[in-house]
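Peer 1: Output the structure for:
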Amino acid sequence: MRKSLLVFLLCLAPAWASGELSNRRAPGFSLPDINIKQHDLADYRGKVVLLEIMNTKCPHCMKFAGTLEEVTKKYAGRVQVLAIANPPDTIQTVGQFLREHGISYPILFDCGQASSSYMMATPENPKVEIPHLFLIDQTGVIRNDFGYSLLTMGIFDGTDLFGQVDKLLAAPAGHATQKARPKK
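Peer 2: Numbers count the residues shown, from 1 in each chain. Have a look, this model is predicted:
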């Protein structure tokens, strides 16, 4: 009985450890990639977008890159993966990261404004934690988000992300895949 309760709680952990920045319109942006091609979030309407806030020196981001590349291949045409890197990352560090990890999805350059907007950073709370993943539905609404923690390791280090993407793709566009949380 005790073991089954523990398994049940561990299965629910990602839901409890996520979503604080969800259930709102995804902030718009237009950011360049390593080839100076602009990527505007509005260009991806109609697709599910997985948006990661990352850093090339973050060990969790390095491991998660493989998972995001698997998502890119498995859901080609239906899901767009984008990553956002902030200083001190440069064209050189991002280029090396792309090559070392065999990444085909774009890593975009931000000076902090887009990342801060997604993380709802304020002067009182200026924190932007990495890695952080936002799941954006086909209509441009953030349906879930995950910061790296013991409770979300299945998203970043396991296969839980695929279940989240499947749920988002199965839900009618514009409908939440989980209950909306009250605003604080």
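
Peer 1: all contacts plus neighbour counts: C-alpha atoms, from now on.
Peer 2: Noted.

Peer 1: what residues are up against Ser115?
Peer 2: Contacts of Ser115 were listed using CA atoms under 8 Å, 6 or more residues apart in numbering, and they are Ile53, Ile84, Val128.

Peer 1: from the residues you listed, which would you call buried?
Peer 2: Among the contacts of Ser115, those scoring as buried are Ile53, Ile84, Val128 (criterion: 16 or more other CA atoms under 10 Å).

Peer 1: ok, now how distant is the first one from Pro172?
Peer 2: Going back to what we said before, that points to Ile53. 26 Å (CA to CA, to the nearest Å).

Peer 1: repeat for the second one
Peer 2: Shown here: Ile84 relative to Pro172, a distance of 27 Å by CA to CA.

Peer 1: With Asp160 instead?
Peer 2: In this view, Asp160 and Pro172 are 21 Å apart by CA to CA.

Peer 1: Same question for Leu51.
Peer 2: Distance of Leu51 to Pro172, given as CA to CA: 20 Å.

Peer 1: Ile34 now?
Peer 2: Using CA to CA, which is the criterion applied here, Ile34 is 34 Å from Pro172.

Peer 1: before we move on, the earlier item: quick one: which of Leu51 and Pro172 has more around it?
Peer 2: Just comparing Leu51 and Pro172: by other CA atoms under 10 Å the higher neighbour count belongs to Leu51, 22 against 12.
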